[in-house]
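Visitor: model this:
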Amino acid sequence: QVQLVESGGGLVQPGGSLRLSCAASGSIFSINAMGWYRQAPGKQRELVAAITSRSRGTTNYADSVKGRFTISRDNAKNTVYLQMNSLKPEDTAVYYCNADVVTTTLAKVFYWGQGTQVTVSS
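Guide: Below is the predicted model:
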């Protein structure tokens, strides 16, 4: 079994910054891509940012967050981060991390975190 635990959400004023973290633990052989998604009330879950396999670390971002958000990972800690700057009210959502994991039984499984609330409001 694999667990993804997110932290770092909260309430911030427009223009402010937050840093989200997501740590993976459990029966992990390796982790390929990791990503952050978000879901606002009444909307579908959408990809915010993703970072590919540990050997390349190629990143991609939703157009709405390019230039403001930065995704990174610490492979030694099986942790992915999302640095969010210049936050806007429309960034308000529950943020979920996702990991493409190869388990110790060599099964390939996508895991989700439990979500962390980000609220941008004055």
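
Visitor: quick one: buried residues of stretch 38-54?
Guide: Of the residues in stretch 38-54, those with enough neighbours to count as buried (16 or more other Cβ atoms under 10 Å) are 38, 48-52. For the C-beta atoms, the positions are set from N, CA and C on the backbone; glycine is no exception.

Visitor: Report back the residue of the chain that's furthest from centre.
Guide: Summary for the chain: using Cα atoms, centre = their mean, the residue whose C-alpha lies farthest from the chain's mean C-alpha position is residue 105, with a distance of 24.9 Å.

Visitor: Could you measure from the closest residue to residue 116 other than its chain neighbours over to residue 27?
Guide: Counting by Cβ to Cβ, 6 or more residues apart in numbering, residue 116 lies nearest to residue 9, which is 3.4 Å off, once chain neighbours are set aside. With the distance defined as Cβ to Cβ, to the nearest Å, residue 9 ends up 27 Å from residue 27.

Visitor: the more surrounded of those two?
Guide: Between residue 9 and residue 27, counting by other Cβ atoms under 10 Å, residue 9 is the more crowded of the two (19 against 14).

Visitor: Surely that one is in contact with residue 93?
Guide: No. Proximity of residue 9 to residue 93 does not meet the contact threshold set by Cβ atoms under 8 Å, at 9.7 Å.

Visitor: Include distance to residue 73 and pLDDT when you put the buried residues of stretch 38-54 into a markdown table, please.
Guide: Supplementary listing: these in a markdown table, determined by distance: Cβ to Cβ, whole Å; pLDDT from 0 to 100:
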| residue | distance to residue 73 | pLDDT |
| --- | --- | --- |
| 38 | 18 | 98 |
| 48 | 14 | 98 |
| 49 | 11 | 98 |
| 50 | 10 | 97 |
| 51 | 5 | 96 |
| 52 | 10 | 89 |
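
Visitor: now, which of those residues sits nearest residue 113?
Guide: The shortest gap between residue 113 and any of the buried residues of stretch 38-54 belongs to residue 38, at 11.8 Å (Cβ to Cβ).
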